[in-house]
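Enquirer: Okay, sequence plus prediction incoming.
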Amino acid sequence: MKDGAAGADGGGGHGGGGGGGEGSSFVIGLIENRAKEVGVAAFDLRSAALHLSQYIETSRSYHNTKTLLHFYDPMVVIVPPNKTAADGMVGVSELVGKHYPANKKVTMARGCFDDTKGAVMVKNLSARDPSALGLDTYCKQYYLCLAAASATIRWIESERGVFITNHSLSVTFNGSFDHMNIDSTSVQTLEIIDPLHTELWGTSNKKKSLFQMLKTTKTTGGARLLRANLLQPLKDIQTINARLDCLDELVTNEELFFGLTQGLRKFPKESDKVLCHFCFKPKPVTDEVLKPANGRKSQMLISDIIILKTALDAIPFFSKVLKGAKSFLLRNIYQTVCENPKYENMRKRIGDIIDEDVVHSRAPFVACTQQCFAIKAGVDGLLDVARRSFCDTSEAIHNLANKYREEYNMPTLKIPYNIRQGFYFIIPQKDITDRLPNKFIQVVRHGKNVHCSSLELASLNVRNKSAAAECFFRTELCLEGLIDKIREDIGILTLLAEVLCLLDMIVNSFAHTISTKPVDRYTRPEFTDDGPMAINAGRHPILETLHTDFVPNNTFLSEASNMVLVMGPNMSGKSTYLHQICLIVILAQIGCYVPAQFASLRVVDRIFTRIGNGDNVENNSSTVCF
């Protein structure tokens, strides 16, 4: 899906690589044939996206596969049993075994890698129409990645105890070269994600890589999308220009820029993750299993509904901001999201059951209370009884705290709450003149405070947790019908998640970075199909933030002059100059302005680097080649 269609995958389908501020959410299936053709299925549990790739490995080192694995940074890699080829060449199974710990490698029987079943699964699960997806064409051409998809989906449903909802996944077919290819060594050398020699910079300075410099996104999904784009920049000029047109409008229209910034803040930080939770339907279980003491599963489901309600409530404001937008990308988002009646219908359906005053909260007890009272009063009589019990025990706990404050002369006694422990007491040590009364148990010192409980509090905690668990259980039963209705329109939620990630990256990262620089420091790059690379007064995007006296450099490469040999004394900036060119190209191909007065570029397919292999310490010389 391209940006022009309001997709957040940057025109190439990748919704985000691993990392970006949290653990990886990718599960990858790998399989190869005798011709060294490799099929890859990468399933993103966070965004409910399935990325399929198939390519021929041209090197014995599995360079392309290593690059993809570095990009996705998977939590699990699924492979068939190891089988060394007749020529002695190692297979992908052995490759995974060498580069990943045993707990990340899962071996499944070859029968699980069934391309026929994989094609049926993808057809049923894809949010897009099979004809639009081109599945009939891909079935024969990309049978290996469909086989990998079969094993991957099978493992996820088995291990997670879920069914994947039909027509819920964002499925993309990617050749291995649909994006710019940057190998892992070049990613390190160019300091795209992490800086080199971090110990030299110190721990306080966080902006020493391109990713860290641009990471002003407000959501985890936006940061993941930014990282994915930096590791695999776009190659489609139409998609790149759509982003640049959007950026043009944002930097020239302050009202739109600040309106979108404010609108994005109204969406919960984890919106993209929660919206995609509804793609997974838990397998049916008995009431005894479903109703554990803490009601954790039910509590998470209720929390997801509240976050969904908060996100849908933010769309009208979003619609008001985007109504006058002129760029193709923003207009398309307005038409596909803001003018889509399904969002308002879903919002009303939720409003019929969920109390309108319920909001998402990160404070543990406030969140617990909001979840207990999420359903409107009168919907379920047993739920109303459980709520009364929850309120009575909560009130009794606070009355107990007041009693102890007066009885033991402890006016500063506090009674906080956490999910694991429930309520407990905190007493400053300075207020304890002698020793604590015998009523207080489980006494533990934490810094300048004492944490403790009492038998009365412990008893009330048990009753309070039991009442809350009953509330969660009854609430989930009330929500079953609503959740089934939501899953019928799951495609609009995955679309909204993609849009939020894309706008977060463009508005809060790209536009924000440009707005914080002096006027005319960043410019829009131009792209040609076969023209020269011409950069006037280009600057290194990272180093210029550290040095105010950075000297700009010009670059020109064409068919007639396609090589540059850079020479100069030590510390004159030769390596920096070459780094600068690569980083400018990467910035341009993710759809961002570049640090130069003028830049005209051709789309780059691949970046190679060779740095330091010819260093001579005795002569104090180094080599860098791109």
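Expert: Cool, the structure landed. Numbers count the residues shown, from 1 in each chain.
Enquirer: Can you pull out the low-pLDDT segments for the stretch 501-626 of the chain?
Expert: Low-confidence segments of the stretch 501-626 of the chain (pLDDT under 70): 611-626.
Enquirer: Tell me where it has strands.
Expert: 526-528, 533-538, 553-557, 598-602, 606-607, 610-611, 624-625 (DSSP state E, counting those that start in this stretch).
Enquirer: any chance of the ones you listed in TSV, plus distance to Val171 and mean neighbour count?
Expert: Yep, even glycine has a C-beta here, placed from its N, CA and C like the rest. What follows is the strands of the stretch 501-626 of the chain, written out as TSV (distance: least, Cβ to Cβ, whole Å; neighbours: other Cβ atoms under 10 Å):
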stretch	distance to Val171	mean neighbour count
strand 526-528	28	15
strand 533-538	35	19
strand 553-557	38	15
strand 598-602	31	19
strand 606-607	26	16
strand 610-611	37	16
strand 624-625	39	16
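Enquirer: Out of the ones you listed, the one nearest Gln429 is which?
Expert: Nearest to Gln429 among those is strand 610-611 (56.3 Å), distances taken as Cβ to Cβ.
Enquirer: which stretches of the stretch 51-200 of the chain form strands?
Expert: Using DSSP E, counting those that start in this stretch, strands in the stretch 51-200 of the chain cover 76-79, 105-107, 162-164, 170-175, 181-182.
Enquirer: Rebuild those strands as CSV, extending it with mean neighbour count, distance to Ser558 and mean pLDDT.
Expert: Output for those, formatted as CSV (neighbours: other Cβ atoms under 10 Å; distance: least, Cβ to Cβ, whole Å; pLDDT from 0 to 100):
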stretch, mean neighbour count, distance to Ser558, mean pLDDT
strand 76-79, 24, 43, 93
strand 105-107, 16, 47, 90
strand 162-164, 16, 50, 89
strand 170-175, 21, 28, 79
strand 181-182, 24, 23, 86
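Enquirer: Out of the strands of the stretch 501-626 of the chain, which gets nearest to Met213?
Expert: strand 533-538 (16.0 Å).
Enquirer: hmm, who's touching the closest one?
Expert: With contacts defined as Cβ atoms under 8 Å, 6 or more residues apart in numbering, strand 533-538 is touched by 552-558, 580-581, 584-585, 594-602.
Enquirer: Strand partners (parallel or antiparallel) of that strand?
Expert: Paired neighbours of strand 533-538 in the sheet (DSSP bridges): strand 553-557 (antiparallel), strand 598-602 (antiparallel).
Enquirer: May I have it exported as CSV, CA atoms only?
Expert: The C-alpha coordinates for strand 533-538 follow below in CSV (Å, rounded to 0.1, in the frame of the first residue of the first chain):
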residue,chain,number,x,y,z
MET,A,533,23.5,13.6,-8.2
ALA,A,534,24.1,17.3,-7.4
ILE,A,535,24.3,18.6,-3.9
ASN,A,536,25.1,22.2,-3.2
ALA,A,537,26.3,23.2,0.3
GLY,A,538,25.5,19.8,1.8
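Enquirer: Output the strands of the stretch 51-200 of the chain in CSV; the columns should cover distance to Asp236.
Expert: Compiled in CSV, the strands of the stretch 51-200 of the chain are given as follows (distance: least, Cβ to Cβ, whole Å):
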stretch, distance to Asp236
strand 76-79, 29
strand 105-107, 34
strand 162-164, 29
strand 170-175, 12
strand 181-182, 15
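Enquirer: Which stretch among these approaches Asn461 most closely?
Expert: When the strands of the stretch 51-200 of the chain are compared by Cβ to Cβ, strand 162-164 sits nearest Asn461, at 32.0 Å.
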